[in-house]
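Provide a 3D model corresponding to the input given below.
(4 chains)
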Number of protein chains: 2
Amino acid sequence: MIHYESIAKIVDFKNNNGMDCEITMNKPFPMTSKCTAKAAPSKRKRMSPEERETLIVDEAICFFAEHGFEGKTRDLAKRLGITQPLLYRYFPSKESLIERVYQEVYVQRWNPDWDDLIPDRSRPLADRLAAFYKEYARAVYDYVWVRIFLYSGLKGVDINDRYLGIIKDKVLIPVCTEMRHEYKLPSPDKTPIEAEELELAWGLHGMFFYRAVRHFAYSLPVAEDIDQAIENDVSMFLAGAPKVHKRIVKKAAG
Amino acid sequence: MIHYESIAKIVDFKNNNGMDCEITMNKPFPMTSKCTAKAAPSKRKRMSPEERETLIVDEAICFFAEHGFEGKTRDLAKRLGITQPLLYRYFPSKESLIERVYQEVYVQRWNPDWDDLIPDRSRPLADRLAAFYKEYARAVYDYVWVRIFLYSGLKGVDINDRYLGIIKDKVLIPVCTEMRHEYKLPSPDKTPIEAEELELAWGLHGMFFYRAVRHFAYSLPVAEDIDQAIENDVSMFLAGAPKVHKRIVKKAAG
DNA sequence: CCCGTTATTTATCAAGCGATATATTACAGC
DNA sequence: GCTGTAATATATCGCTTGATAAATAACGGG
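Residues are numbered from 1 along each chain as shown, chains lettered A, B, ... in the order given. Down below sits the predicted model:
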């Protein structure tokens, strides 16, 4: 569970690897926000293998997030203040380092605690959705996460498919299910969830995720108050979706 | 003006360069949809410079959309069925070819006719927004467009900023302005448009564009009936946004 | 303070890259 | 057909890349 103090603003956001990321926000169209270079020790420094490996992996994450996976090992080494062959003492190949970066960024990025938020019928649906997306934002509104996800998506890496499968199972389907319950529509047991319904839920997800794309891929300024923006997303969604949703489900059931 | 027959479905969509794009849709999580290889003539064929240049540019667009701009000139040549040095008879450098690809993809992708759709107060706002996004989809729901836009966004190419500036001026601000008019709120002359209002309009745009990201970057299946999906987006937006919008504007107007 | 271990660097390879120079050959005009 | 032009291919350069081998030096233990 990520410890984390209130993020009213995305400004000066720290990413989930605990690395500082210098996000230049609130200025119109700032240049690409980047992770700050760790340290560039000019003199040879002897470290324990564990310490050095951590440094390499952390910097590799930022480096590949910035340049994509075609970034050169020599450039990465330069940013680390080490020589390029040293990387090969810790990783047998560039590919294995990239694999490690994937593991580091994707694994444990889905918090099982989130699973319970959307289906918790003791709270109003609007609260649940807002609560979920606010929590989720803490993991996903992140320079490294968004860019690596986009890069690997464009590259066709299978890990994306798997992650999006989780999104479908843990977010979209629960959203549709809870909306069915909320608006007294047949449960998914009786009338299976339609593709068009999922498309509706993708709409909410799109509002949410495209904000991250705008910021971390396009370097555009986004809402100052992220929590407020998410509440607006959810409020817009719940005010507008039911009508469409009912039509879809009735057509499917009827 | 692009001639174009009704696209009820995105299946078998043709992109705007007139190139066939084989889109594998409706199967769950299909592999990345690609542009089909033009032709791979095994024997040396002598063409007019104009014809050859067109072939190179068209294939380069597909090639870089697929692999990003780090794609190798030798691979591009192989797909064209020509040798790599021949590329350099038509373009002095790889960079100049990429520049040409940018021009080809971006230029004239904004149709000035679209400018009039959103502000046309003789029609209901819902119709106008749906009409605009349906038209816009014809240009943007396209393998080449989406992927090159994402690649160049991640790379920080300035042409993206310029294009997004157009989106702001021609879409987001008009949307906010028309909503103000629709719901009897002060016009932007009196009360300038707030960042939070723009964020609201970005929400609609995000629903729209993220659908393209899902399909062309993540290779996910999307709505079969694109026009219907867009109508759902707009209908959801207009049913849900006003409440939030009013709060924002009234706060701003004091 | 010395010495051995090993983290780190220097030197280098082989393949691949963008790009250029030179050799071929397809086609138009006679 | 023959021939000249130029579209295309072959051969190759110089540099960069991922990766390896050998040399160096930082630190811990005695």
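
contacts only, for the residue in the stretch 101-250 of chain A positioned nearest to DNA strand D.
Relative to DNA strand D, the nearest point of the stretch 101-250 of chain A is residue A:101 (13.4 Å; Cβ to the nearest atom of the strand). C-beta coordinates here come from the backbone N, C-alpha and C atoms, glycine included. Residue A:101 is in contact with A:57, A:60-61, A:64, A:148, counting by Cβ atoms under 8 Å, 6 or more residues apart in numbering or on different chains.

just the pLDDT at it, thanks.
pLDDT for residue A:101: 97.

tell me the SS of it?
Using DSSP: H, G, I helix; E, B strand; the rest coil, the structure places residue A:101 in helix.

rewinding a little: who wins for most neighbours among the contacts of residue A:101?
Neighbour counts for the contacts of residue A:101 peak at residue A:148, which has 27 neighbours (criterion: other Cβ atoms under 10 Å in any protein chain shown).

now do the contacts for it.
Shown in contact with residue A:148 (Cβ under 8 Å, 6+ apart): A:61, A:64-65, A:101-102, A:105.

can you check what angle separates the longest helix belonging to chain A from helix B:226-253?
The residue-count maximum for a helix in chain A (DSSP state H) belongs to helix A:226-253. Angle, helix A:226-253 to helix B:226-253, by axes from the mean of the first three to the mean of the last three Cα atoms, to 10 degrees: 150 degrees.

let me know the average pLDDT across helix A:226-253.
Averaged across helix A:226-253, pLDDT comes to 95.

please save the CA atoms from stretch A:79-90 in PDB.
Extracted in PDB, the C-alpha atoms of stretch A:79-90 (Å, rounded to 0.1, in the frame of the first residue of the first chain):
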ATOM      1  CA  ARG A  79      23.200   9.700 -16.900                       C
ATOM      2  CA  LEU A  80      24.200   7.200 -14.300                       C
ATOM      3  CA  GLY A  81      27.800   8.500 -14.200                       C
ATOM      4  CA  ILE A  82      29.100   5.100 -15.000                       C
ATOM      5  CA  THR A  83      30.600   3.500 -18.100                       C
ATOM      6  CA  GLN A  84      28.500   1.500 -20.500                       C
ATOM      7  CA  PRO A  85      30.100  -1.900 -20.000                       C
ATOM      8  CA  LEU A  86      29.300  -1.800 -16.300                       C
ATOM      9  CA  LEU A  87      25.600  -2.200 -17.200                       C
ATOM     10  CA  TYR A  88      26.500  -5.600 -18.600                       C
ATOM     11  CA  ARG A  89      27.900  -6.700 -15.300                       C
ATOM     12  CA  TYR A  90      24.400  -6.300 -13.800                       C
END
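
give me the buried positions along that stretch.
The neighbour-count check on stretch A:79-90 (16 or more other Cβ atoms under 10 Å in any protein chain shown) flags A:79-82, A:87, A:90 as buried.

pLDDT below threshold where in chain A?
A:1-34, A:36-42 (pLDDT under 70).

quick check: residues of it near DNA strand D?
Counting by Cβ under 7 Å from any atom of the strand, the residues of chain A lying close to DNA strand D are A:44-46, A:71-75, A:84-85, A:88, A:92-95.

ok, and which of those reach DNA strand C?
Of the residues in those, proximity to DNA strand C by Cβ under 7 Å from any atom of the strand holds for A:44-46, A:84-85.

right, is stretch A:49-62 up against chain B?
No - Stretch A:49-62 stays clear of chain B (Cβ under 8 Å from any Cβ of the partner chain), getting no nearer than 14.2 Å.

so is that stretch next to DNA strand C?
Yes - Stretch A:49-62 reaches DNA strand C (Cβ under 7 Å from any atom of the strand) through A:49, A:52.

just the CA trace of that stretch, in CSV.
Taking C-alpha atoms only, stretch A:49-62 is exported to CSV below (Å, rounded to 0.1, in the frame of the first residue of the first chain):
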residue,chain,number,x,y,z
PRO,A,49,26.0,-4.6,-6.0
GLU,A,50,22.6,-4.2,-4.6
GLU,A,51,22.9,-0.5,-4.3
ARG,A,52,24.3,-0.1,-7.8
GLU,A,53,21.6,-2.3,-9.3
THR,A,54,18.9,-0.2,-7.7
LEU,A,55,20.5,2.9,-9.1
ILE,A,56,20.7,1.4,-12.5
VAL,A,57,17.1,0.1,-12.5
ASP,A,58,15.7,3.4,-11.2
GLU,A,59,17.5,5.5,-13.7
ALA,A,60,16.7,3.0,-16.5
ILE,A,61,13.0,3.4,-15.7
CYS,A,62,13.2,7.2,-16.1
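
and chain A, what are its domains?
A:21-106, A:112-253 (automatic domain parsing).

most neighbours per residue, which of those?
Stretch with highest mean neighbour count among the domains of chain A: domain A:112-253 (a mean of 19; mean count of other Cβ atoms under 10 Å in any protein chain shown).

quick one: end-to-end length of that one, please.
Start-to-end span of domain A:112-253 (Cα to Cα, to the nearest Å) is 32 Å.

circling back to that earlier point, out of the contacts of residue A:101, list just those in helices.
A:57, A:60-61, A:64, A:148.

dihedrals phi and psi, residue A:70?
Backbone torsions for residue A:70, taken as degrees, to the nearest 10, come to phi -90, psi 0.

my read is that it contacts residue B:72, right?
No - the pair residue A:70 and residue B:72 does not pass the contact test of Cβ atoms under 8 Å, sitting 10.7 Å apart.

the closest residue to residue A:222 other than its chain neighbours and residue A:118, how far apart?
Excluding its sequence neighbours, the residue lying closest to residue A:222 (Cβ to Cβ, 6 or more residues apart in numbering or on different chains) is residue A:215, at 4.7 Å. The gap separating residue A:215 from residue A:118 is 25 Å, by Cβ to Cβ, to the nearest Å.

OK, contacts around the closest residue to DNA strand C within the stretch 151-254 of chain A?
For the stretch 151-254 of chain A and DNA strand C, the shortest gap (Cβ to the nearest atom of the strand) falls at residue A:155, measuring 15.3 Å. Residue A:155 sits next to residue A:69 when contact means Cβ under 8 Å, 6+ apart.

so which of the domains of chain A is nearest residue B:209?
Nearest to residue B:209 among the domains of chain A is domain A:112-253; the distance by Cβ to Cβ comes to 6.0 Å.

from the chain's centroid, how far away is the closest one?
From the chain centre to the centre of domain A:112-253 is a distance of 12 Å (Cα atoms, centre = their mean, to the nearest Å).
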